[in-house]
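**Q** give me coordinates for this.
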Amino acid sequence: ETIKINTTITQLDLGMNWIGDDGVKSLAEALTTNQSVQVLDLGSGSIGDEGMKMLAQALKVNRTVVQLGLWKNSFEYEGVSFVAEALKFNQTVIKLDLSANDIGEEGAKALGEALMINQSLKQLDVTSGQIRFKGARLLAEALKVNKTVTELILYWNQVPASLRTEPHTKSRMQF
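**A** As a prediction, the model looks like this:
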């Protein structure tokens, strides 16, 4: 309830607090009306696919969060798909950290589709996201259309060597 009406908190770090899906539900409700939180860290929060669904719904209407940390949670490609769908509507998030989650090929596909529409995101971190050749290729293809992403961080994924030399990816992707 406090976050709903608070107008002074600009950074909210709940990382490593294991808030889970129930905690995210309350936070998501607050984010639909909060007009001050710009940096939100929910890393290592034991957030699953259901929690991501609720958070994504809030991100569709929230216009203040610019940096979102969702590293090392419990969601898989379905949770990533919810966030990707929100990115199609949200034009304020500029930095998104999804590292150390099981993104996989399907999650990478959803993110690639979102990047073809989203024109605000500048940095996307999918380090150690279980992304393989096909998913990396889909993300690279999205960069042909998306001109705002300047950093796509893919460390510890199985990325094909050919992507390292393509003109539209070599300066924007980190392997």
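
**Q** ok, Phe103 touching Lys109?
**A** Quick fix: residue 103 reads Ile, not Phe. No. At 9.8 Å, Ile103 and Lys109 do not qualify as touching, with contact defined as C-beta atoms under 8 Å. For every residue, glycine as well, the C-beta is placed using N, CA and C.

**Q** these two: which is more packed in?
**A** Using other C-beta atoms under 10 Å as the criterion, Ile103 and Lys109 rank with Ile103 on top: 29 against 21.

**Q** who touches both of Ile103 and Lys109?
**A** Jointly contacting Ile103 and Lys109 under the rule C-beta atoms under 8 Å, 6 or more residues apart in numbering are Gly135.

**Q** isn't Glu141 up against Glu113?
**A** No. The pair Glu141 / Glu113 is not scored as a contact, 10.1 Å apart, by C-beta under 8 Å.

**Q** which residues touch the most centrally placed residue in the chain?
**A** Centroid-nearest residue in the chain: Leu96, 4.1 Å away (criterion: C-alpha atoms, centre = their mean). Residues in contact with Leu96 (C-beta under 8 Å, 6+ apart) are 68, 70, 83, 87, 121, 123-125.

**Q** now with 10 Å?
**A** Contacts here follow C-beta atoms under 10 Å, 6 or more residues apart in numbering; on that basis Leu96 touches 59, 65-70, 83-84, 87, 90, 111, 114, 118, 121-126, 149.

**Q** what's the answer for Asp49, then?
**A** 21, 73-82 are the contacts of Asp49 under C-beta under 10 Å, 6+ apart.
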